[in-house]
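Trainee: sequence below, structure please.
(2 chains)
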Amino acid sequence: GQQLNQSPQSMFIQEGEDVSMNCTSSSIFNTWLWYKQEPGEGPVLLIALYKAGELTSNGRLTAQFGITRKDSFLNISASIPSDVGIYFCAGYHISGGGADGLTFGKGTHLIIQP
Amino acid sequence: DTAVSQTPKYLVTQMGNDKSIKCEQNLGHDTMYWYKQDSKKFLKIMFSYNNKELIINETVPNRFSPKSPDKAHLNLHINSLELGDSAVYFCASSPGTGNQPQHFGDGTRLSIL
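Mentor: Numbers count the residues shown, from 1 in each chain, chains lettered A, B, ... in the order given. Presented below is the predicted three-dimensional model:
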């Protein structure tokens, strides 16, 4: 099946720092989604991207759909303690669609040191 | 109001038992899913269900069977539980089978003794 390579696997940062993470694939995806998961909860949608080159913001979060349709990044500016969690990229492969379910990256664990 | 709700939140049982996990969504969505999250937090699709059409991930053992009494509910039944079934199981839903974001429940933590 399709795989998404997400990096970094974990990040230890100071409060106030900017964060950047990305996902790449060897095949084309036609939708990219970014989710955040906190302990004991399910993934919560942060940003959805539908077009190559699309750049979308949600507060301090910004994500882009790569031009090649094989990658996406998520940036978080001026991190705060509540940003702690696991961030997942996810997407629908071009040959699949909703019925095939989402393909997920392995997650980026964000840890913020006071 | 919880959009996608799962019960129970925790399930501890012995190997060999049969158990069910329930999922309900009040979003009016047409498609529902089950995902498995392993100990390394990797999420993998198990099933999707839309208008009585079931799509099964080929890696899912046939001990797992989804059951949908109506489009707002998709339950997961597991027969003859094995140690490797210990994981967190997430239900999700989306408006249809297009490339739309999915909304997730808070998960059921299944532990096999």
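Trainee: pull the contacting residues for the residue in chain A positioned nearest to chain B.
Mentor: Closest approach between chain A and chain B, counting by CB to the nearest CB: residue A:101, at 3.1 Å. C-beta here means a position set from N, CA and C on the backbone, and glycine is covered the same way. Shown in contact with residue A:101 (CB atoms under 8 Å, 6 or more residues apart in numbering or on different chains): B:33, B:35, B:45, B:48, B:55, B:57.
Trainee: which among these gets closest to chain A?
Mentor: Nearest to chain A among these: residue B:45, at 3.1 Å, using CB to the nearest CB.
Trainee: give me the pLDDT for the nearest residue to the closest one once chain neighbours are set aside.
Mentor: Once flanking residues are discounted, residue B:45 sits nearest to residue A:101: 3.1 Å by CB to CB, 6 or more residues apart in numbering or on different chains. pLDDT recorded at residue A:101 is 82.
Trainee: again with residue A:83
Mentor: Reading off the model, residue A:83 has pLDDT 97.
Trainee: neighbours of it, how many?
Mentor: Number of residues near residue A:83 (other CB atoms under 10 Å in any protein chain shown) recorded here: 18.
Trainee: quick check, it in contact with residue A:111.
Mentor: No. Between residue A:83 and residue A:111 no contact is recorded; they are 9.8 Å apart, counting by CB atoms under 8 Å.
Trainee: residue A:16 - that's part of a strand, no?
Mentor: No. Applying DSSP: H, G, I helix; E, B strand; the rest coil, one finds residue A:16 to be coil, outside a strand.
Trainee: next, the closest residue to it other than its chain neighbours: secondary structure please.
Mentor: Spatial nearest neighbour of residue A:16, chain neighbours left out: residue A:78 (5.8 Å); criterion: CB to CB, 6+ apart. Taken by three-state DSSP, the conformation at residue A:78 corresponds to coil.
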